[in-house]
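**Q** Here is the input, now give the coordinates:
(one chain, ligands or ions: 1)
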Amino acid sequence: MLHWTDDLAVGHPTIDNDHKKLIEIINTFLDQSHSADNATLMNNTLKSLLNYGVGHFEREEQIQRETNYPYTAMHNREHKVLIAQIKDMANVYFIEKSRPLNTASIHELNNLLKIWLIDHIKKCDLNMREWVDPNAEDVKD
Ligand SMILES: [Fe+2]
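**A** Next up, the predicted model:
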């Protein structure tokens with residue numbers, strides 16, 4: 001299971017709450033990955049991540065523009081990669097059906113989701129902190 005810890009906070013309530021919700025979606029998957037029906041679990045998880053993830057990235061990018069975050073282009077490219085990773089998996093298993101849906105598929109999604117969000121928060125989102133957190137010390141210069 002993934003755990004929200006204070007070192008993941010970027011200090012903006014909308015972004016932090018969205019991240020907690022994404023962790024919840026991922027944990028629901030991790031929790032059910034040993035017991036639930038593979039196809040339903042994969043389908044529900046990929047759909048939830050796409051639905052909620054796309055909305056979250058839009059909200060985050062909007063906040064970046066409002067706070068004049070200078071690295072939006074680079075950051076938004078990372079968001080596109082994250083969405084593409086989920087879409088690719090949805091394609092493979094539900095559109096093209098080029099690989100069978102089985103425990104190996106669950107394992108593949110499991111491995112992706114353990115790092116998918118947390119790595120992005122640590123490597124990219126925390127860089128926004130000085131801009132989006134109203135209480136952050138001014139270290140922009
Ligand atoms: Fe981000």
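**Q** For residue 81, see how far away residue 88 is.
**A** Separation of residue 88 from residue 81 (CB to CB, to the nearest Å): 10 Å. For every residue, glycine as well, the C-beta is placed using N, CA and C.
**Q** actually residue 90, not the one I typed
**A** 15 Å.
**Q** Next: residue 43.
**A** For residue 43, the distance to residue 81 equals 22 Å [CB to CB].
**Q** and the two? which has more neighbours close in?
**A** Between residue 43 and residue 81, counting by other CB atoms under 10 Å, residue 43 is the more crowded of the two (15 against 10).
**Q** Let me see the contact set for the nearest residue to residue 23 once chain neighbours are set aside.
**A** For residue 23, ignoring the flanking residues on the chain, the nearest one in space by CB to CB, 6 or more residues apart in numbering is residue 2 at 5.0 Å. For residue 2, the contacting residues are 23, 26, 27, 30, 114, 117, 118, by CB atoms under 8 Å, 6 or more residues apart in numbering.
**Q** how about the fourth one, secondary structure?
**A** If I follow you right, that is residue 30. Here residue 30 takes the helix state, with states given by DSSP: H, G, I helix; E, B strand; the rest coil.
**Q** Contacts only, for it.
**A** Counting by CB under 8 Å, 6+ apart, residue 30 has contacts 1, 2, 110, 113, 114.
**Q** Just those: which are in helices?
**A** Of the contacts of residue 30, the ones assigned to helices by DSSP state H are 110, 113, 114.
**Q** pLDDT added to those residues, as TSV?
**A** As requested, these are exported to TSV (pLDDT from 0 to 100):
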residue	pLDDT
110	95
113	96
114	93
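**Q** Could you give me the ChimeraX selection string for whichever of the residues you listed are buried?
**A** Entered in ChimeraX, the line below selects the buried ones among the ones in helices among the contacts of residue 30, by 16 or more other CB atoms under 10 Å:
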select :110,113
